[in-house]
Each structure stands twice: as C-alpha cells, then as structure tokens.
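S.K.: Quick one, structure for this:
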Amino acid sequence: MDLNFNKNEDHNKLLLSALKQKLSIVKLGGGEKRIAKLHGEGKMTARERIDYLLDPKAKSIEIGAFVGEGMYKEHGGCPSGGVVVKIGYIRGKQCIVVANDATVKAGAWFPITAKKNLRAQEIAMENRLPIIYLVDSAGVYLPLQDEIFPDKEHFGRIFRNNAHMSAMGITQIAAVMGSCVAGGAYLPIMSDEAMIVDKTGSIFLAGSYLVKAAIGESIDNEVLGGATTHCEISGVTDYKAKDDKDALDRIKNIVDKIGDFTKAGYSRIKAEKPLLDEKEIYGVLPKARNEQYDMMEIINRLVDNSEFEAYKDGYGQTIITGYARIDGWAVGIVANQRKVVKTKSGEMQFGGVIYSDSADKATRFIANCNQKKIPLVFVQDVTGFMVGSKSEHGGIIKDGAKMVNAVSNSVVPKFTVIVGNSYGAGNYAMCGKAYDPRLIFAWPSAELAVMGGTQAAKVLAQIEASSLKAKGELVDEMKEKELFDKIKARYDEQVSPYYAASRLWTDAIIDPLDTRTWISMGIEAANQSPIEKKFNLGVIQV
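M.R.: Numbering: from 1, shown residues only. Here you go, the predicted structure:
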C-alpha cells in the first residue's frame, strides 16, 4: 500500500464516519422526548414497528433516510420526511414498509413527505412488491398545504396509486396505529386489508372539534372513529388489534399466506464474494474528485469472484462495459473509466469524460443486455461529454443522444451507483434519476450538479463581476476572489450528496461495502415483475 492509498482510505473512512453520525441523529426522528412520550402512550416508534415487523437478522435497505435534511428549518425541520421506508422481508417474502413517524409533527405530511410516499409506491408498482402502511399521522401539515394538496404529484396521488396497485394485484395492507385524519383516512381503506389498534388508532374525515363546529354534534374521538366503531359498526376496518405488536403479528400472518407470482427470470447462481478485498475500495477511491484512478479497481471489488467479462475492451475506453455477477445475479455493468486512456491512433482521452466512441459502445452494450434480459448497473463518476470543435464535428451530440435513447428505452431493470462526480448530461446518459433506475444511491464521496463547483463558481463569478463593472463599481483581484469564494461555498453545499438525498434525487447515501446488498435486493425485487415491453430504440440518428 502506498502513501496515496492511505490518504484516500483515511479520507473516505472519515466521510463514512460522518455518514454514520448523521444517520444516528436522523434515527431519533423528532427527538428523545417525543419518543418517550410515544412510549408513554403505549405506542412503538415508526422504526421500532418496522424492526419488529421485518424478519430478524434478514437484510433490509432504507429508502430516503436523509429526506428533508436541512429543509423546513422555519417549521422545526422534518427528519426523514416524517416517514420511514424500508425494503425487507416478512416471513421470507420481500416487501416494502411505509411507517409514519409520529415524533415528527405528529406524523403530519410535509411536501417532501408526499414525495417520499410516492417514491415508495413507485418502487412497489415497478417491482410488484407487497406494500405495508403503518399509519400514524395527523394529516397534511396545514402551513404548507398549498405545496402538498392540489397538484399531480401531491397528496392525492397517493390514493390514485392505491387504486392502481389494487388493479395490478399488488397486495396492500394497512395498520392504523394512531391518528388517521381527513383525506389520509382513504389510504388504509383503499388497501386490500386494514386493521386498527384499539384505543390508540382512530379514523375519521373530521375529528370531534371539527364535527362540533360543522354540525353542532358533541362526540368524542373514540366513539366517532375508534377501533370498536370501525370494526363492529361501520365495518371500515377488518381487524381490531389490542396493541401495536398484535397488529404487526397479524400483518406477518397475512403476508405469510400470499402466493407467489410469475418471475421475470433474471439469471442467478450461487453467490460468491469478490476475491479482492472490498475494504480496499476506501483506499482506491481518491480523496480529490478530479484525481484519476482505474475504475476496474472498484469493479473488481464489487463483483463475484472479481470476475468481469469486458465488452469491446479496446474501444471507447472512457466507458467500461461488461458482464459480471453480483451476489449471484447476472448484471451488465456500464461504468465511467476515470484514468486517462490512449486510443490506437495515439489520442489521449480524459478519464470521466464521455467521448463519441464510448457513447457508441455503451449504446450497443445496453441493447445487448436488453436482448439477453440482463439487469444493468451504472457506476457513475462522470464529468460530462467531451466538448470542443473536434468532438462537435465528430457528432458528439448525435452519439450522446443515441446513448440517452438506449438508457431511456431500456426495459430491463436499471440500478445506478454514484461513486464520485455526476455532472451535467453525464448524469443523464449514465441513468440519473430522470431515467427511471429501480434504485439510485450514492457513496459519501458523490457530487451531483450541472458542473463541478470550481468551474461553476468561476463562470458565475465572472458574470457577477461583469455586472458590477457595468454598474461602474470597482472590481479588483481581491473583490473577484471574494465573489468566487462566496459562490463556491454556496455551490459546494448544493453538490453535496446530502443535498441530493434530502430532496430524494437519490434513494440513499450508503457505505460502499453495502453496494452489493443494494443491487442484489434491487434485482430480487425486480424479479417479481416480468418484463411486459419489448426493447425498441425508436428513431435515432445513425
């Protein structure tokens, strides 16, 4: 091991330590006092409910842990978007669980809460996964109602998705474990089966105070919409549970009886660990985002037996394409090569940049994987497409468009891992969020932006300096540096992986050593949903 390796390892382990510290804070939700209050009411927290529901010692992955990070400060914040979402196993069957966190504003829905719930439903629909709702919510957060109520991707879309999933035959089970108010009352009742916890669960379109104000009727919430009312009088719910654990046990028993469906049929054999030490990834991945390194050193520490069958190895070398297995699953890997490479003509090509030949190679490889029914894994560390007269005259826009076309029309499941840079159109071509990856997740070293922080800050500082000069203001070197530093600091905050994760541009920030688990569980989920479309590139410029 050389000195540079050790420096990289120290840097990446510090990033990982920061990630774990942030996660430990996020997992407290609204804080220890509110957790204690919940326990005093005889209720479990959202995370405790999920942990009890999922099979012990089985693997699970959390979607959107950092959603809401740094947002809504004027409203007291919204840790994890006020809802916890995990993919795991219930009696051996893979499911997705959505649990309102009542320690965060009584489980009220912020705009980002709706976005996260819709993402959970999207995952369920794409993969035909059973979805479990653990409901404990005060409904829409009224101060922000205009940002959550009326639009297409707002609160009402949840119920539209309930109806669509029912028509698709996707199992939906709801447990009302606390408040379930107003429009939110439709979610459990639009599920296939609903249960309610006695004395703590309640369902009504309007609570007792609003009923009194609206029609003058005096009634308490328990009689209005408690467990006895809805299980014995209205028939709204199917089961009455005595407490949280009883409700969760009933869910386990229901899931245990669900029959199996036709699989997509992706190839899987016995899983093997990489031959090379996975932990060496920390030392391979450079500290500086502009440093060169060999992406194969990363890939060989992610794939089974460190075996990789390269496709067109000597052509289009700034993108690596090839076949491998991850946890036994066959995958096609498309990865940005981050070292400078030399073509047969002697031309030097920059690592992390997509050239015409690499875009052409990737397009053909994606088509091959679709023909062979092989899931695709995109490993991003990309600064964008090559610019300049030579590239433009060579048709870089056309070749880039072909690659984007192939990614867009791919019918096999796609998974995206952002290990470093994810800039500009490179993000798009390498299957960014807009291109429907089944899961998209980042390492702590990731950066997402239209361009790198230094380049962007230089451009913006130049524009601002010119504007000031036009107004007659003096702009010397010191002023230019001040402008650059100010803009660079703001831009650096926005390229952070936490900024992206808080807005659900990615599903998670993970320890690099968890990458194999995410991809494996993702393909297992995708295998529940057979491919119904044929791969068709449509019209492209050849």
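S.K.: Could you give the separation between the terminal residues of stretch 210-227?
M.R.: 20 Å (Cα to Cα, to the nearest Å).
S.K.: Name the residues of it that come out as buried.
M.R.: The neighbour-count check on stretch 210-227 (16 or more other Cβ atoms under 10 Å) flags Val211, Asn221, Leu224, Gly225, Gly226, Ala227 as buried. For every residue, glycine as well, the C-beta is placed using N, CA and C.
S.K.: okay, now the domains of the protein?
M.R.: Per the TED database, the domain ranges recorded for the chain read 1-28+263-446+506-535, 31-256, 452-495.
S.K.: what would the ones you listed look like in TSV with mean pLDDT?
M.R.: TSV is the format used below for the domains of the chain (pLDDT from 0 to 100):
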stretch	mean pLDDT
domain 1-28+263-446+506-535	95
domain 31-256	93
domain 452-495	77
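S.K.: Any chance of CSV for the buried residues of stretch 210-227, columns distance to Ala406?
M.R.: As requested, the buried residues of stretch 210-227 are arranged in CSV below (distance: Cβ to Cβ, whole Å):
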residue, distance to Ala406
Val211, 57
Asn221, 55
Leu224, 56
Gly225, 52
Gly226, 55
Ala227, 53
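S.K.: Helices - which of those land there?
M.R.: Val211, Asn221, Leu224, Gly225, Ala227 (DSSP state H).
S.K.: tell me the contacts of the fourth one?
M.R.: By Cβ atoms under 8 Å, 6 or more residues apart in numbering, the residues touching Gly225 are Ser202, Ile203, Phe204.
S.K.: Out of those residues, who's the most crowded?
M.R.: Ile203 (27 neighbours; other Cβ atoms under 10 Å).
S.K.: Show me the contact partners of the one helix or strand it maps to.
M.R.: Per DSSP states H and E, Ile203 falls inside strand 202-204. When contacts are defined by Cβ under 8 Å, 6+ apart, strand 202-204 is touched by residues 176, 178-181, 185, 188-189, 196, 221-222, 224-226, 230, 236-237.
S.K.: next one: stretch 2-11
M.R.: Tyr282, Gly283, Val284, Leu285, Pro286, Lys287.
S.K.: Sheet-wise, list the partners of the strand holding Ile203 with their directions.
M.R.: strand 172-181 (parallel) (DSSP bridges).
S.K.: Quick check: which helices or strands does whichever helix or strand comes after the partner strand pack against?
M.R.: Reading on from strand 172-181 to the C-terminus, the next helix or strand found by DSSP H and E is helix 186-189. Helix 186-189 sits against strand 131-137, helix 157-168, strand 172-181, with contacts defined as 3 or more Cβ pairs under 8 Å, 6 or more residues apart in numbering; DSSP states H and E.
S.K.: The closest residue to Lys27 other than its chain neighbours - how many residues pack around it?
M.R.: Sequence neighbours aside, Arg47 is the residue nearest to Lys27 in space, at 6.2 Å (criterion: Cβ to Cβ, 6 or more residues apart in numbering). Close neighbours of Arg47, defined as other Cβ under 10 Å, add up to 19.
S.K.: tell me the contacts of Arg47?
M.R.: Per Cβ under 8 Å, 6+ apart, neighbours of Arg47: Lys27, Gly29, Val84, Ala99, Asp101.
S.K.: tell me, how many neighbours does the closest residue in space to the second one that isn't next to it in sequence end up with?
M.R.: The one in question is Gly29. Distances taken as Cβ to Cβ, 6+ apart place Thr103 nearest to Gly29, at 4.1 Å, with adjacent residues excluded. Residues lying near Thr103 (other Cβ under 10 Å) number 24.
S.K.: Could you look up the SS state of Thr103?
M.R.: Recorded secondary structure, Thr103: coil (DSSP: H, G, I helix; E, B strand; the rest coil).
S.K.: isn't Ile319 right up against Ser356?
M.R.: No. Taking Cβ atoms under 8 Å as the definition, Ile319 is not a contact partner of Ser356, at 11.0 Å.
S.K.: So which of the two has more stuff around it?
M.R.: Ile319 (27 against 21).
S.K.: Name the nearest residue to the more buried one, sequence neighbours excluded.
M.R.: Ile319 sits nearest to Ser358 (Cβ to Cβ, 6+ apart), 3.8 Å away.
S.K.: is it true that that neighbour lies in a helix?
M.R.: Yes. Read with three-state DSSP, Ser358 is one of the residues of a helix.
S.K.: measure it to Glu153 for me?
M.R.: Going from Ser358 to Glu153 by Cβ to Cβ, to the nearest Å gives 35 Å.
S.K.: again, but for Thr318
M.R.: Thr318 is 36 Å from Glu153, by Cβ to Cβ.
S.K.: cool, and Asn100?
M.R.: On the measure of Cβ to Cβ, Asn100 and Glu153 end up 19 Å apart.
S.K.: For those two, indicate the residue with more neighbours.
M.R.: Asn100 (28 against 11).
S.K.: I'd guessed that one sits against Asn117; true?
M.R.: No. Using Cβ under 8 Å, Asn100 is not in contact with Asn117, being 9.2 Å away.
S.K.: Pull up the overlap in contacts between those two.
M.R.: Counting by Cβ under 8 Å, 6+ apart, the contacts common to Asn100 and Asn117 are Val83.
S.K.: What ranges does the stretch 401-542 of the chain have for its strands?
M.R.: Ranges of strands in the stretch 401-542 of the chain, per DSSP state E, counting those that start in this stretch, are 414-423, 439-442, 447-449, 508-509.
S.K.: possible to save the ones you listed as CSV with mean neighbour count?
M.R.: Formatted as CSV, the strands of the stretch 401-542 of the chain follow (neighbours: other Cβ atoms under 10 Å):
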stretch, mean neighbour count
strand 414-423, 26
strand 439-442, 25
strand 447-449, 21
strand 508-509, 22
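S.K.: And the helices in the stretch 401-542 of the chain, which stretches?
M.R.: Assigned by DSSP state H, counting those that start in this stretch, the stretch 401-542 of the chain shows helices spanning 424-429, 453-470, 477-495, 497-502, 515-526.
S.K.: Which residues does the last one contact?
M.R.: Which is helix 515-526. 59, 61, 87, 94, 123, 126-127, 129, 264, 266, 268, 271, 278, 302, 326-329, 331, 375, 377, 413, 415, 417, 438-439, 441, 443, 508, 510.
S.K.: and it with strand 414-423, angle?
M.R.: 130 degrees (axes from the mean of the first three to the mean of the last three Cα atoms, to 10 degrees).
S.K.: Dump helix 515-526 to PDB, keeping only the CA atoms.
M.R.: C-alpha atoms of helix 515-526 as PDB (Å, rounded to 0.1, in the frame of the first residue of the first chain):
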ATOM      1  CA  THR A 515     -23.400  -1.700  -2.600                       C
ATOM      2  CA  ARG A 516     -23.700  -5.400  -3.300                       C
ATOM      3  CA  THR A 517     -26.700  -5.700  -0.900                       C
ATOM      4  CA  TRP A 518     -28.500  -2.800  -2.500                       C
ATOM      5  CA  ILE A 519     -28.000  -4.200  -6.000                       C
ATOM      6  CA  SER A 520     -28.900  -7.800  -5.000                       C
ATOM      7  CA  MET A 521     -32.100  -6.800  -3.200                       C
ATOM      8  CA  GLY A 522     -33.000  -4.500  -6.000                       C
ATOM      9  CA  ILE A 523     -32.700  -7.200  -8.600                       C
ATOM     10  CA  GLU A 524     -34.600  -9.600  -6.400                       C
ATOM     11  CA  ALA A 525     -37.400  -7.100  -6.200                       C
ATOM     12  CA  ALA A 526     -37.300  -6.500  -9.900                       C
END
